[in-house]
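Student: coords please:
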Amino acid sequence: MGLEFFVNHNNDINEINVSNSHIEETNARLGFGFLVIFIYLLIGAIVFVKIEGPVERIQYEAYKEFRMAWEDKLTNLGMKLEDIDNLFSNIKDAALSGVWIEKNQTSESNWTFGQTFFFCGALISTVGYGRISPKTHYGKLFTIIYCIIGIPLTLSFISALVLRLRQPSNYLKNKLSSKLSHVFHNFQIQYIHLAVISTIVLISAFIIPSYTFSQIETDWSFLDAFYYCFVSLTTIGLGDYIPGDSPNQSFRELYKLLVTVYLLFGLSVMMLFLATLYDIPQLNLTKFFITKNSEYVDLNKDDNITNVYNKYKEEDDETGSIPINQYPYSIQNTYY
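Tutor: All right, here's what the predicted structure looks like:
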C-alpha cells in the first residue's frame, strides 16, 4: 500500500505546475519538514524506550534465571557449557524459523499450500511480515523475480478496485453537497464526507475483522487483533502476530486464504481513505513543501470571495435586501 499510495499521490503532484523557482523558494520548508520528522523520530524513540525498555529488562532477568537453572542441571549431568550454549542457540534458530515442538505436537510446515499462499500475498501486497522467508538461493532468487512481476500487477489491481470504490464515495459526497450546501461551505462538506468514509473504513476494515480474529485466535485480545489489522493494512508488517499459526488451528488452509483476501480488501479501503483525505487541499501537506504561500490564497482577489449559502436571495436595493454577490461574504478556501 505504501507503493500504491506513492504512485497515486505522485500523479497528483505531477498535475501541479511547479517551476524550479518554486522548488528553490520552498527548500527552507523542506528542511523544516525534515527537522519535524527527525524530532518526531526522537519522540517515538524516547517513548518506546520508556515503555518497552523496563519490560524487556524484566524478561531478560527471567530468562537469565531460567538459563542458569538449566545450566546447573545440565552441567550436573555432565554437559559442557559450550554444548549448552549450542543447545540454546539451536533452539533459538529453530524457533525463529517457525520450527518447534510443544506438548508432543510438532509445528506444521511453513511451506504448506495455505501458508505459502498467505506468504505470497504478503509479498505482492508489500506487507512483508518477515516471519517466514526463503532460505535457499533459488528461493531468494524466485522471490525477487516473483515480486518484480507481482507487485506492479497487484498495485494495478488495487488501483482499479479503488477507482470503483470511489464511485459510491463520490456519489455520497454529491448527496451531502446537495443536502447540506445551504448550511455548510464546500470544504466543510469535504470534512463531513471524510468523517463518513473514515467511519466506514474503521468498521469494515478494523473493528469487524478485529473482533473476528479475537474470536478465532484464542490467545489474541481485541487490542492484539486490532493491532494486527492496523500493522498489516498500513503495510508496516512487523510479523509479531500472524493469524493461523496456533496449534491445531481448524481449517488452517482455508483460513489463510481468507486472510489473504482480507488483506487485499483492506488495502483497497485504506487507499480509498487516503484518496479521500488528500482530496481535501488543507490536508495535503505535500503541496505545502513545493508551492509558495502566494499560490495558496489571495484574499484580495474577487474570485476567491463568493457566497455559497443558497439561503440568501438575490434582491435589488429597492427592497433593502443585500445582493448575494456583495454581502454576506463567505471566503471560499482556494488553497492549492
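
Student: can we go C-alpha only for contacts and neighbour counts from here?
Tutor: OK.

Student: if I look at residue 108, how far off is residue 173?
Tutor: 49 Å (C-alpha to C-alpha, to the nearest Å).

Student: neighbour count: these two, which is higher?
Tutor: residue 173 (19 against 16; other C-alpha atoms under 10 Å).

Student: run through the residues that contact that one.
Tutor: Residue 173 makes contact with 189-190, 193 under the criterion C-alpha atoms under 8 Å, 6 or more residues apart in numbering.

Student: with adjacent residues omitted, what lies nearest to residue 75?
Tutor: Spatial nearest neighbour of residue 75, chain neighbours left out: residue 81 (7.2 Å); criterion: C-alpha to C-alpha, 6 or more residues apart in numbering.

Student: per-residue confidence at that neighbour?
Tutor: With respect to pLDDT, residue 81 scores 85.

Student: tell me how far it lies from residue 70.
Tutor: 11 Å.

Student: one step back: the residue nearest to residue 75 touches residue 71, doesn't it?
Tutor: Yes. Counting by C-alpha atoms under 8 Å, residue 81 does reach residue 71; the two are 7.4 Å apart.

Student: where do the helices sit along the stretch 51-200 of the chain?
Tutor: In the stretch 51-200 of the chain, the segments counted as helices under DSSP state H, counting those that start in this stretch are 81-96, 113-124, 137-180, 186-201.

Student: just give me the neighbour total for residue 235.
Tutor: 20.

Student: ok, residue 135 - how many residues close by?
Tutor: 9.

Student: tell me the pLDDT at it?
Tutor: Residue 135 is given a pLDDT of 86.

Student: how about the one 3 residues further on?
Tutor: The predicted local distance difference test score for residue 138 is 93.

Student: quick one: it from residue 241, how far?
Tutor: With C-alpha to C-alpha as the criterion, residue 138 and residue 241 are 27 Å apart.

Student: who has more neighbours out of the two?
Tutor: residue 241 (18 against 9).

Student: quick one: low-confidence parts of the chain?
Tutor: Within the chain, the stretches with pLDDT under 70 are 1-23, 102-107, 292-336.

Student: tell me where it has strands.
Tutor: Along the chain, counting by DSSP state E, strands occupy 101-102, 105-106, 305-306, 330-331.

Student: neighbours around residue 92, how many?
Tutor: 14.

Student: also residue 231?
Tutor: By other C-alpha under 10 Å, neighbour count at residue 231 equals 18.

Student: switch to numbering from 8
Tutor: I'll keep to 8 as the first residue from here, and by that count the last item is residue 238.

Student: what sits against it?
Tutor: So, once contact is read as C-alpha under 8 Å, 6+ apart, residue 238 ends up touching 244-245.

Student: and it, how far from residue 218?
Tutor: For residue 238, the distance to residue 218 - C-alpha to C-alpha - is 16 Å.

Student: please spell out which residues along stretch 222-238 are buried.
Tutor: 223-224, 227, 229, 231-233, 235-238 (16 or more other C-alpha atoms under 10 Å).

Student: oh sorry, the question was meant for stretch 281-299
Tutor: Buried, per 16+ other C-alpha under 10 Å, within stretch 281-299: 281-285, 287-289, 294-299.

Student: just the C-alphas of it, formatted as CSV.
Tutor: Output in CSV follows, covering the C-alpha atoms of stretch 281-299 (Å, rounded to 0.1, in the frame of the first residue of the first chain):
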residue,chain,number,x,y,z
LEU,A,281,-6.1,8.1,1.8
ALA,A,282,-7.6,9.3,-1.5
THR,A,283,-10.5,10.9,0.3
LEU,A,284,-8.1,12.5,2.8
TYR,A,285,-5.9,14.0,0.1
ASP,A,286,-8.9,15.3,-1.9
ILE,A,287,-9.1,18.0,0.9
PRO,A,288,-6.5,20.6,-0.1
GLN,A,289,-5.9,21.8,3.5
LEU,A,290,-4.8,18.3,4.5
ASN,A,291,-2.5,17.7,1.5
LEU,A,292,0.8,18.6,3.2
THR,A,293,2.9,17.6,0.3
LYS,A,294,1.9,20.7,-1.7
PHE,A,295,2.9,22.8,1.3
PHE,A,296,6.6,21.8,0.6
ILE,A,297,6.5,22.6,-3.2
THR,A,298,4.3,25.7,-3.6
LYS,A,299,4.6,29.2,-2.3
